[in-house]
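> following is a predicted model, sequence given first.
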Protein chains: 2
Amino acid sequence: MTGAPTRWGRMLEEAGIRTTSQRLLVLDGLGRHRLPVSAQQIHAELHEQGERVGLTTVYRTLTSLAAAGLVHTFTQAGEIVYRLCGPAKHHHLICRSCGLVIERVEEEAMAGFRAEEVYGTCATCAGTS
Amino acid sequence: MTGAPTRWGRMLEEAGIRTTSQRLLVLDGLGRHRLPVSAQQIHAELHEQGERVGLTTVYRTLTSLAAAGLVHTFTQAGEIVYRLCGPAKHHHLICRSCGLVIERVEEEAMAGFRAEEVYGTCATCAGTS
DNA sequence: CAATGAAACGATAATGGATTTCATTGCTGT
DNA sequence: ACAGCAATGAAATCCATTATCGTTTCATTG
Ligand SMILES: [Zn+2]
Ligand SMILES: [Zn+2]
Ligand SMILES: [Zn+2]
Ligand SMILES: [Zn+2]
């Protein structure tokens, strides 16, 4: 794991997570998606791609990435999905219909309530009624 | 199941759901909570109370109540929770910390996004930081 | 009041996502 | 090279939810 200070490697390093080939693969898998994805999906894609990473390791990696704040997690149809988000502090608008996630930087307070995740319908999907 | 046109009985009738003793018990269990509760919790409480309602029936009842729009469902810690809500069209502010649910009637649109459920931190819990 | 059939019930089994266990493997520093 | 510790992954387990399927309830009909 020495040499090439790749984007993912730097990310892990800064988060205090030791770099391993499996973790790089998981990050790589995550990075290919704009929409949040499940651990199982990441695992399946890596497998298709010929990479052998245990499902357990995928779960563990995603959990520690989430704990470090590098990825954010949501719940969709009863399962946990993960998304590689930007570094700026933000909250989320998540479309229940198409899965789109919008990162929102502006503080959003309604009735003293601090919003963290807003589930609803995006403008596009609302038009498609 | 004849006679007494109770609050729950009327509710079921209006929703086109046949009234049964089990369904009344489930509604009664729900009605005792302001915070959303899980099917298992309802079932456990009914059991403690000496009532014998099958867990399957509790699940089925809650599902049909939700389909009829009488109860709204949320996800907390990986499980589905149910809440008897008011009749007015509304969306929800749900505190991740204390579970409080605020019914919001005002239309809330941010960037063309129609909010349905807003998860975050309520004013009280935000103060307790 | 007995017969009938549809709907509801509920014990049990099955499902499926997520976590735990534990033996093995691979770094890391001496 | 070696000890110590972290990481891995197959298998076992957990746990909420759903599916199965035989039984029960209940409104209707004759
Ligand atoms: Zn995010
Ligand atoms: Zn959408
Ligand atoms: Zn509601
Ligand atoms: Zn709160």
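That came in fine, so what should we check first? Ligands and ions are numbered 1, 2, ... in the order given.
> what's the first-to-last distance across stretch A:74-93?
End-to-end distance for stretch A:74-93, by CA to CA, to the nearest Å: 11 Å.
> mind listing what's buried in it?
Neighbour counts over stretch A:74-93 (16 or more other CB atoms under 10 Å in any protein chain shown) mark A:74-76, A:80-84, A:90-93 as buried. Bear in mind the C-beta positions are built from the backbone N, C-alpha and C, glycine included.
> what do you get for stretch A:44-63?
A:45-46, A:53, A:57-59, A:61-62.
> direction included, what does the helix-or-strand element of chain A with minimal mean pLDDT pair up with?
The weakest-scoring helix or strand in chain A, judged by mean pLDDT, DSSP states H and E, is strand A:109-110 (a mean of 82). Applying DSSP bridges, strand A:109-110 is found paired with strand A:113-121 (antiparallel).
> the residue sitting nearest the centre point of chain A: what's it in contact with?
By CA atoms, centre = their mean, the mean C-alpha position of chain A lies nearest to A:Arg83, the distance being 1.5 Å. Neighbouring residues of A:Arg83 by CB atoms under 8 Å, 6 or more residues apart in numbering or on different chains: A:30, A:33, A:35-37, A:71-74, A:101.
> look at A:Gly99 and tell me its secondary structure.
With DSSP: H, G, I helix; E, B strand; the rest coil as the basis, A:Gly99 sits in coil.
> for A:Gly16, that is, sorry about that
coil.
> who are the contact partners of the nearest residue to it once chain neighbours are set aside?
Leaving out its chain neighbours, the residue that sits closest to A:Gly16 by CB to CB, 6 or more residues apart in numbering or on different chains is A:Ala68, at 7.2 Å. Contact criterion CB under 8 Å, 6+ apart gives A:15-17 as the residues in contact with A:Ala68.
> could I get the buried residue list for stretch A:121-129?
A:121-122, A:125.
> rewinding a little: relative to B:Ser21, which of the buried residues of stretch A:44-63 is nearest.
A:Tyr59 (43.4 Å; CB to CB).
> around ligand 2, pick out the residues from chain A.
Contact residues (CB under 5 Å from the ion) of chain A with ligand 2: A:95, A:97-98, A:100, A:122, A:125.
> can you tell me which of these are up against ligand 3?
Okay, of these, nothing touches ligand 3 (CB under 5 Å from the ion).
> for those residues, which one is nearest A:Trp8?
When the residues of chain A next to ligand 2 are compared against A:Trp8 (criterion: CB to CB), the nearest one is A:Leu100, at 24.3 Å.
> A:Ala109 contacts A:Glu116, correct?
No. Judged on CB atoms under 8 Å, A:Ala109 makes no contact with A:Glu116 at a distance of 11.3 Å.
> quick check, the residue in chain A closest to ligand 1?
A:Cys85 (2.9 Å; CB to the ion).
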